[in-house]
Each structure stands twice: as structure tokens, then as C-alpha cells.
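[1] 3D, please:
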Amino acid sequence: QGKDIGLVATVKGYNMYICGNHGTSPKHATLFMSDLSDDECIRYIDRILMYYTFTSAPLTRTSKWLENLEGGMEHLKEVVVDDSLGLCAEFDRRWQEQVERYECEWKKVVDTPELRKKFRQFVNVDEKKHGDLPWELVRKQKKIQLEDLPTIIGPAKISKDKAEPTWRWVDVGAEGDFPETGGAAVKVGRTELSVFQSAASGKWYASQNSCPHKQLQVLSRGLIGMHGQVPKVACPIHKNT
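    So this is what the prediction gives:
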């Protein structure tokens, strides 16, 4: 009952419930129509969602949309069932366009070598390493262990301004090998590094691939952004910057 669209099987077909939601302000879905056939369910779901797309404000929950819709549920039935506004043909046409353009993004990645390269463990070598994440069983399900995190503040201990004369640049890949706003892992000798490109600052950053909380080799998969003028990376496991 907390779904945007929900179906409950009956002896004669399906009861359709619409515009419910979970979250901080939960609302049970409301019965739209009873004993619908398979074709009717698909047709009305398509039209309801298309009408919602046409008339709702961005990021509006369907429950709030229906609550603020002039005429409420009865008006919605008139529009998507009785075609009171003459829009049903347009709804059906637009939805069919969506169906025809649909493609599975993951299948496209699997079938496209250039896209699969984005999911390599390391940009510059073909090596693979099994993860070092700690796992635990919770309700018979395997999940990453959660632990209290230390407070980590202060500048980096080493910067390029204090580089020793023996330091040298190492080629780890082309610019196109790295996401525009994100990171990727590279390997130099036995050391894993994370390299980030920040579209917001127009700069590149490099760090050890270890997250600062548990020294897990995952930092390259974190999210990069700016906190004021300070670049920040959110650890993908611990969600802290």
C-alpha cells in the first residue's frame, strides 16, 4: 500500500491502487478501480504515469500530486478512462515511444567493450584483485560490516610542493580513461592509487586508494565534489568525506 502503483489479484482480475508512498510522511495507496483485466491494468498505469509526468512539479511524490490535483481521483478517472480531455491517444503514443526507445543499460555495457572499460579494476593494468571488505551475516544475509568511524581532520602529510628531486611523473592512462566527475583506480608497482577528475574545479587529484576509515582499497569509487573551495571525496563504503 506504499507504492506509486500497486495491484492486488482478485477472482475477476486485479484491484489497482495508486499514489501511495513510504518515507517520513507515509500514505496508503488509494483504490483506483477494481477487477481490471491485464490489458486494462497496463493501459491505465501507462496513462496515469504519463498524466503525472505532464502535470506534476519536479520531484513531487505521486501522493502529493493526486492530493493537489483539481478534482482528485474522479477527475483522474475521467482523464485516463473516459478520455475527458482527449489526451489518451497522446498518452498512448508517448508511452509507446518510451517502450521502443528502451534499452537495458547494463546489457549495453556488457556488449560494448569501450563501455566495459569503465568498470575495470585498474585503468593501467589488467590485474584483478579480490576485495578486502569485511563482511557479516545479518538475518541470513551477507552485508558489509559497519563500525564506528574515527574523526580524521588536517592536511595531507605529503604534497607536491614538498616533492623530493627523485620524484618523477608516471603515465597511468589517457584523460579519456577517467570519468569527468569521478575516480578510477590505477596501480603503480605494488601501490594502488585513486585518480579523480573534478569538473567543478577543473583539476585532477590523486590519492592512495585506501579509504581513511578502515584502509580499504575502495576510494576510487567514491564521489568527488566541492565543499566551498575545498575538494572532497566521499568514501563509497562509509559515506563520509
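[2] Kindly report the domain assignment for this structure.
    Following the assignment in automatic domain parsing, the chain carries domains at 5-101, 121-150+172-234.
[3] distance between the shortest one and the chain's centre?
    For domain 121-150+172-234, the distance from its own C-alpha centre to the chain's C-alpha centre is 17 Å (CA atoms, centre = their mean, to the nearest Å).
[4] what does the first one give?
    Put simply, domain 5-101 sits 24 Å off its chain's centre (CA atoms, centre = their mean).
[5] what's the model's confidence in that domain, averaged?
    Regarding domain 5-101, the rounded mean pLDDT is 94.
[6] First-to-last residue distance for it?
    Domain 5-101 has an end-to-end distance of 23 Å (CA to CA, to the nearest Å).
[7] same deal with the shortest one?
    With CA to CA as the measure, the first residue of domain 121-150+172-234 is 19 Å from its last.
[8] give me the element residue 187 is part of.
    Element membership of residue 187 [criterion: DSSP states H and E] is strand 182-188.
[9] which residues in this protein form strands?
    For the chain, the strands defined by DSSP state E occupy 5-9, 14-18, 30-36, 135-138, 141-144, 182-188, 191-198, 203-208, 223-227, 230-234.
[10] can I get those strands in a markdown table with mean neighbour count?
    Placement of C-beta: from N, CA and C, glycine included. Output for these, formatted as a markdown table (neighbours: other CB atoms under 10 Å):
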| stretch | mean neighbour count |
| --- | --- |
| strand 5-9 | 14 |
| strand 14-18 | 20 |
| strand 30-36 | 16 |
| strand 135-138 | 10 |
| strand 141-144 | 10 |
| strand 182-188 | 21 |
| strand 191-198 | 19 |
| strand 203-208 | 13 |
| strand 223-227 | 14 |
| strand 230-234 | 15 |
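[11] Alright, calling it a day.
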